[in-house]
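Visitor: Sequence and computational prediction follow.
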Amino acid sequence: MITDGVFGENLSVSPIECIDMLEAGWILVGASSMGALRAADCSRVGMIGVGDVFFSYRTGYFHSDADVAVLYDQRAQHELSVSLAHADHLVRILTVRRTISDIVRRLILKDLRAIPWYERNPLLAGEIIARHVGDPQIKEEFVALWEDVGHNPKVRDAVSACNLLSKYFLKQIA
């Protein structure tokens, strides 16, 4: 199973490596981040994709490594920036909570997408949302949502993929 990877400083898992594993008879599942991207790349040759992030890549809503990339503090095991996939999900939550119009939501996402992935920190993202909505308090609401891993679609997708695989393997030994 592939869920996540490191961008920038190391080479990421390539589609060719995934295809080689599939041709060798492996069952390969991708979800969450790099796994979702590679599953979308390789679904036609048998890679299994799981979750909302995979579906967003498969349908063309997301299209770049940068849509899931984040800066990560390995010592603290904590994300320092906001992936576009995560920001998109949180903006959708705020859209429902605050009755933000679809046009404003799209403008927010356009501005968030324009920020390089390594600079898109939660405070900056919150400021952009607050500017578009005209409510400075929404910045703190966004940051609180970002800090809650229960609202991270990449985490949710990784858990779904793990559950899928555990059910598969439990069925194999039963």
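Guide: In hand now; what should we look at? Numbering: from 1, shown residues only.
Visitor: residues in contact with residue 149?
Guide: Residue 149 is in contact with residue 155, counting by Cβ atoms under 8 Å, 6 or more residues apart in numbering. For the C-beta atoms, the positions are set from N, CA and C on the backbone; glycine is no exception.
Visitor: List the buried residues for the lengthiest helix in the chain?
Guide: Counting residues, the longest helix in the chain under DSSP state H turns out to be helix 153-173. By neighbour count on 16 or more other Cβ atoms under 10 Å, the buried set for helix 153-173 is 153, 154, 155, 156, 157, 158, 159, 160, 161, 162, 164, 165.
Visitor: Output the below-cut-off pLDDT ranges for this structure.
Guide: Applying pLDDT under 70 to the chain picks out residues 5-10, 174.
Visitor: Going C-terminal from the helix or strand where residue 87 lies, what's the next secondary structure element?
Guide: Assessed by DSSP states H and E, residue 87 sits inside helix 84-98. Using DSSP H and E, the next helix or strand after helix 84-98 towards the C-terminus is helix 102-114.
Visitor: name the helices or strands packed onto the helix holding residue 87?
Guide: helix 52-58, helix 102-114, helix 122-133, helix 137-147, helix 153-173 (3 or more Cβ pairs under 8 Å, 6 or more residues apart in numbering; DSSP states H and E).
Visitor: so which of those comes closest to residue 21?
Guide: Ranking those by proximity to residue 21 (Cβ to Cβ) places helix 153-173 first, at 14.9 Å.
Visitor: Centre of the chain to that closest one, how far?
Guide: 17 Å (Cα atoms, centre = their mean, to the nearest Å).
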